[in-house]
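[1] Need the 3D shape of this:
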Amino acid sequence: MTERTTDRTTESRFNLPNTLSLSRIVLAVLFPFARTPTPQVVLIVLAAASDFFDGWIARARHTASKWGALLDPITDRVFVIVALATYLFIGAFTTGEYFTMIARDLATAIGFLVARVVPSLQRVTFKARWAGKITTTVQLLVLLAVPLAPSLVHPLVIAVGVLSAWAIIDYTIALQRARATA
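    Sure thing, here's the model as predicted:
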């Protein structure tokens, strides 16, 4: 019985959706070496496609798992933060733009840690929310704008700032509601 449970756990961790999620780590490692627009765009498009398809396949094949639900946002954040840091390093972003771009990620990370420490929040399940998905989509558009349409970077960063505030408020309200029902 134990052997079968272990096999299922291993199988659920290394299914196609989770492998697609993990591919974003590889793409993140490659991103700092992409010094021209074409490879940057290719890596961003591949990261966005893997993000779309990992969730789509997990839902279609009914292979969604707690591991995948944790892995997906972490690998998203790793890719985006590496790409943003690379752009900051080469001067495509100001420090203020960089921190605007990662504000939601910092707030979410702090919220997650707080929820794991506060006993009344430990049973709350974190799930993706539309505000966060939309923010991530616009973040990816900003990453594409750097090599393709630099004049759009600043307005898109402002949009990310507004969307990030919305996402932070949305997650906070959802957490409060979940705590009230837990």
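
[2] tell me which element the nearest residue to L140 once chain neighbours are set aside falls in.
    Nearest in space to L140, with sequence neighbours left out and distances taken as C-beta to C-beta, 6 or more residues apart in numbering, is A48 at 5.1 Å. (Glycine included, C-beta is placed from N, CA and C.) Assessed by DSSP states H and E, A48 sits inside helix 37-60.

[3] Which residues does the very next helix or strand once past that helix contact?
    Going down the chain from helix 37-60, the next helix or strand is helix 66-89, by DSSP H and E. With contacts defined as C-beta atoms under 8 Å, 6 or more residues apart in numbering, helix 66-89 is touched by 12-13, 15, 17-18, 21-22, 24-25, 27-29, 31-32, 43-44, 47, 51, 54-55, 58, 93, 95, 98, 101-102, 105, 126-128, 132, 136, 139-140, 143, 146.

[4] coming back round to it: burial of the residue nearest to L140, as a residue count?
    19 (other C-beta atoms under 10 Å).

[5] Quick check, pLDDT for it.
    Here, the pLDDT recorded for A48 equals 94.

[6] go on, the one 10 residues further on?
    A58 carries a pLDDT score of 88 in this model.

[7] List the residues that contact it.
    Neighbouring residues of A58 by C-beta under 8 Å, 6+ apart: 15, 17, 64-65, 68.
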